[in-house]
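Engineer: I would like to see how this sequence folds:
(chains A and B)
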Protein chains: 2
Amino acid sequence: MPTPLRLGLAGLGTVGVGVIRMLASHSDLLSARAGRKIEMIAVSARSRTKDRGVDLSGFTFEDDPISLACRDDIDVFVELIGGEDGPAKAAVDAALNAGKHVVTANKAMLAIHGQSLAEKAERAHVELRFEAAVAGGIPVIKALTEGLAGNQISRVMGVMNGTCNYILTRMENEGVSYNEVFADAQALGYLEADPNLDVGGIDAGHKLALLSAISFGTKVNFSGVELEGIQRISITDIEQARDMGFRIKLLGVAQITGRGLEQRMQPCLVPASSALGQLENAANMVVLEGDAVGRVVLRGAGAGEGPTTSAVMSDVIDIARGFRRFTFGQPASSLKDIQAAQVSAAAAFYLRLTLKDAPGALAKITRALADAGVSIDRMRQYGHENTAAPVLMVTHKTTRAELNHALQGISDTGVTLDEPVAIRIEDV
Amino acid sequence: MPTPLRLGLAGLGTVGVGVIRMLASHSDLLSARAGRKIEMIAVSARSRTKDRGVDLSGFTFEDDPISLACRDDIDVFVELIGGEDGPAKAAVDAALNAGKHVVTANKAMLAIHGQSLAEKAERAHVELRFEAAVAGGIPVIKALTEGLAGNQISRVMGVMNGTCNYILTRMENEGVSYNEVFADAQALGYLEADPNLDVGGIDAGHKLALLSAISFGTKVNFSGVELEGIQRISITDIEQARDMGFRIKLLGVAQITGRGLEQRMQPCLVPASSALGQLENAANMVVLEGDAVGRVVLRGAGAGEGPTTSAVMSDVIDIARGFRRFTFGQPASSLKDIQAAQVSAAAAFYLRLTLKDAPGALAKITRALADAGVSIDRMRQYGHENTAAPVLMVTHKTTRAELNHALQGISDTGVTLDEPVAIRIEDV
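Structural biologist: Prediction:
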């Protein structure tokens, strides 16, 4: 049997501990599959003494992840620190410079620095792998870069933030408000330290940017992702959607159109009967559309110790087997710099407006929509609550630009209270 | 760029033609992803002159697939002839003996000869790949051997014969009989030349045997698969199942229990609300359960030119990239020879009996069930059709052995017409 593959691991949070546990409990299985032993040599974390429930005594402890990354006795640097810059980025740079393979779960770092890191990895002839960065345990990076590598990919969609899906599912199933479920999610530790990473769609947007690059052979372009969070979704929206046969999901969609690379991560109405519509709680789902294969749907757990560890280990085993693949599936130098589409494909939109209880208010709204070229498919006005009258509409297909124009016109009428809520109805 | 990867292709049916088409239309994409050109050098088929709608003039034509497999100027032999023995097996043997990598879609050959072929490939230090043999375009072999390689797999389930699912779906949606839909499927060319390969569950059983080997690190054991086809499923069964919130699927289940390796490919009732229950028409679905990752569900097209070509090309690209993996995910010599479980896990069963219109018939049936230790959860008796009275039951959980004992007792009473239909209700 060849020499063992030697790992250095920085970051001993849930996933780091999971990796150490899996190496201990699955040693024979991993050796059989990888064709060689996989050994943890050294670890690094902020606290050397914290009790993490695993025995670290067999590993060298490095206080500095950069020192760990450069150790002569490791082959692979496993980065589980997180954060787009700071120690994670510094240590990954150091590892690549030192000719070490890197396995990371760090979607933020790759969404921002993916291109330069991929170039650096290629120059060093080492692997930079990130299966764990997207959709947790679902092997979607592998599916796209390898399993569907013969396909021209036409569209990628996904629900890739389990916390948002948990919040939306609970709102729907229990009829409780966003704020209430948000507070629960926070108490349960489901939210990032900065909750906006989750509920603002940023975390899921990072993942979408990585999937786009792999799918279309384009440079990672996170700043080109049209981002919108779930914070303004109300129970009213969820119930209205349900009445129309839809569910609201924080959905990512990426495709190349005549207008450029379209990447959107935003709440959408999707048919309740669709696979995406039926995705409950913290599960993740990715839908891949290829010209040969048609549509492939992958579902699984998007986070947590087990699923994320499974993904990290998949990359480690690939490296142990000697698999060598370009970071984004093809040479970094060949990734195209496609402009972000300024106008996304037309769609029907769900609108919720709150009108002042004033004569002619509705007429002013419908006039503003008509002036912007947005036509109404259906409309419903609810009983007045004090002086505020909610109005719900579904538009015919329109571009977001026309809709924004209409929303500006509506705002200018002065008859609305609050900002309107507009949710795209996605053809999935 | 490294030297091109040179292919020889035997079998110019739908998929063979698809491979030639994809190489022509996706040449740049494939080169970028594989890191080298992929070239077709020579082909072989029964007829040299048949018009297949693709230009073969650039390739050498070999009448004999064995000669093709041994050509000095090919690196990979792509076997798309089919059949468990005969020219396919002879050519694959020849290719491996000549030190060529082999990519095949031949589930029958691998289900029967997988172990010896894997050993031969390993001795020759070449790849024997078969992504296209299981679930068409769904990259499930890759998911199991690589994406989830860190997991101990506890159970694998799948609907993996699109034709059977098409027949069952149409029966359910249109209320037409098995025979009628079967005839349509045959007219549409959906069935193998020997339809029993499809409707008898054999084709899907081959696939299950391959998934088991990979999942559990066991030797392929097709003869250990408990096989049952869909031929005896009636509209009554489908309607009854629906009334109880179930759908009938030809479902494969493989797991290791204290009694050995359990592999079943048989019609089952699954909850209509489950992902498997909702699978319509010719789609395939595979459900993988790993100790770290939990449950991963993969859905896609299980057959057809595009999806199968996508899978073949995935293996070819892996080989072009230099990926080297044991045929069944670990060394052939390490695959365990686990005994087939003689007794499968207990389950509730749906039973349909047709009773003679004779006094006391039902009492005799219920007595036979009680004597075998099988208790009844619910029962329904229908209005008599001439003299035949259908009786439908759901049992409490029982083993198949006890149930068979009960069915023998029922047969011995002499009050039944036709053989009873028993369908397992699967916990998915």
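
Engineer: how about the helices in the stretch 251-400 of chain A?
Structural biologist: A:305-321, A:361-371, A:400-413 (DSSP state H, counting those that start in this stretch).

Engineer: can I get those in a markdown table with mean neighbour count?
Structural biologist: For glycine as for every other residue, the C-beta is placed from the backbone atoms N, C-alpha and C. Rendered in a markdown table, the data for the helices of the stretch 251-400 of chain A read as follows (neighbours: other CB atoms under 10 Å in any protein chain shown):
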| stretch | mean neighbour count |
| --- | --- |
| helix A:305-321 | 27 |
| helix A:361-371 | 17 |
| helix A:400-413 | 18 |
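
Engineer: of the ones you listed, which is nearest chain B?
Structural biologist: If you check each of the helices of the stretch 251-400 of chain A against chain B by CB to the nearest CB, helix A:305-321 wins as the nearest, at 3.1 Å.

Engineer: how far is that closest one from where the chain is centred?
Structural biologist: Taking the mean of its C-alpha atoms, helix A:305-321 sits 19 Å from the chain's own mean (CA atoms, centre = their mean, to the nearest Å).

Engineer: any idea of the mean pLDDT in that helix?
Structural biologist: Averaged across helix A:305-321, the pLDDT comes to 98.

Engineer: ok, now how distant is the residue of chain A positioned farthest from its centre from chain B?
Structural biologist: The centre of chain A is farthest from one residue, residue A:359, which by CA atoms, centre = their mean lies 44.9 Å away. Applying CB to the nearest CB, to the nearest Å, the value for residue A:359 to chain B is 49 Å.

Engineer: setting aside sequence neighbours, what's the nearest residue to residue A:20?
Structural biologist: Ranked by CB to CB, 6 or more residues apart in numbering or on different chains and with sequence neighbours excluded, the top spatial neighbour of residue A:20 is residue A:54, at 5.0 Å.

Engineer: what angle sits between the helix or strand of chain A with the lowest mean pLDDT and helix A:361-371?
Structural biologist: Among the helical and strand segments of chain A, the one scoring lowest on mean pLDDT, DSSP states H and E is strand A:388-395, with a mean of 88. Direction vectors for strand A:388-395 and helix A:361-371, defined by axes from the mean of the first three to the mean of the last three CA atoms, to 10 degrees, enclose an angle of 30 degrees.

Engineer: show me what strand A:388-395 is packed up against.
Structural biologist: Applying 3 or more CB pairs under 8 Å, 6 or more residues apart in numbering or on different chains; DSSP states H and E, one finds that strand A:388-395 contacts helix A:235-243, strand A:348-356, helix A:361-371, strand A:376-381.

Engineer: which one of these lies nearest to residue B:319?
Structural biologist: Among the helices and strands packed on strand A:388-395, strand A:348-356 comes nearest to residue B:319, with 45.9 Å by CB to CB.

Engineer: tell me the residues of the stretch 201-350 of chain A that contact chain B?
Structural biologist: If contacts are counted using CB under 8 Å from any CB of the partner chain, the residues of the stretch 201-350 of chain A sitting beside chain B are A:217, A:275, A:278, A:290-301, A:306-307, A:309-314, A:316-318, A:321-326, A:329-331, A:334.

Engineer: give me that answer again for 7 Å
Structural biologist: Along the stretch 201-350 of chain A, the residues adjacent to chain B under the rule CB under 7 Å from any CB of the partner chain are A:217, A:290, A:292-301, A:306-307, A:309-310, A:313-314, A:317-318, A:321-325, A:329-330, A:334.

Engineer: which pLDDT value belongs to the residue most central in space within chain A?
Structural biologist: Within chain A, the residue whose C-alpha comes closest to the C-alpha centroid is residue A:204; the distance, by CA atoms, centre = their mean, is 2.3 Å. We note a pLDDT of 98 for residue A:204 in this prediction.

Engineer: one more: residue A:361?
Structural biologist: Note on residue A:361: pLDDT of 89.

Engineer: ok, the closest residue in space to it that isn't next to it in sequence - contacts?
Structural biologist: Ranked by CB to CB, 6+ apart and with sequence neighbours excluded, the top spatial neighbour of residue A:361 is residue A:415, at 4.0 Å. If you count contacts by CB atoms under 7 Å, 6 or more residues apart in numbering or on different chains, residue A:415 has them with A:355-356, A:358, A:361, A:364-365.

Engineer: can you do 8 Å?
Structural biologist: Contacts here follow CB atoms under 8 Å, 6 or more residues apart in numbering or on different chains; on that basis residue A:415 touches A:355-356, A:358, A:360-361, A:364-365.

Engineer: equivalent analysis for residue A:238, please.
Structural biologist: Listed by CB under 8 Å, 6+ apart, the contact partners of residue A:238 are A:168, A:171-172, A:247-248.

Engineer: distance of the residue nearest to residue A:20 relative to chain B?
Structural biologist: Applying CB to the nearest CB, one obtains 15 Å for the distance of residue A:54 from chain B.

Engineer: what about that residue, which SS state?
Structural biologist: Of the three states, residue A:54 takes coil according to DSSP: H, G, I helix; E, B strand; the rest coil.

Engineer: mind checking pLDDT for residue A:343?
Structural biologist: According to the per-residue confidence, residue A:343 scores 80 in pLDDT.

Engineer: residue A:428 now?
Structural biologist: As summarised for this prediction, residue A:428 has a pLDDT of 89.

Engineer: once you drop chain neighbours, what's closest to residue A:280?
Structural biologist: Once flanking residues are discounted, residue A:280 sits nearest to residue A:169: 5.1 Å by CB to CB, 6+ apart.

Engineer: and that neighbour, that's in a helix?
Structural biologist: Yes: the assignment for residue A:169, made by three-state DSSP, places it in a helix.
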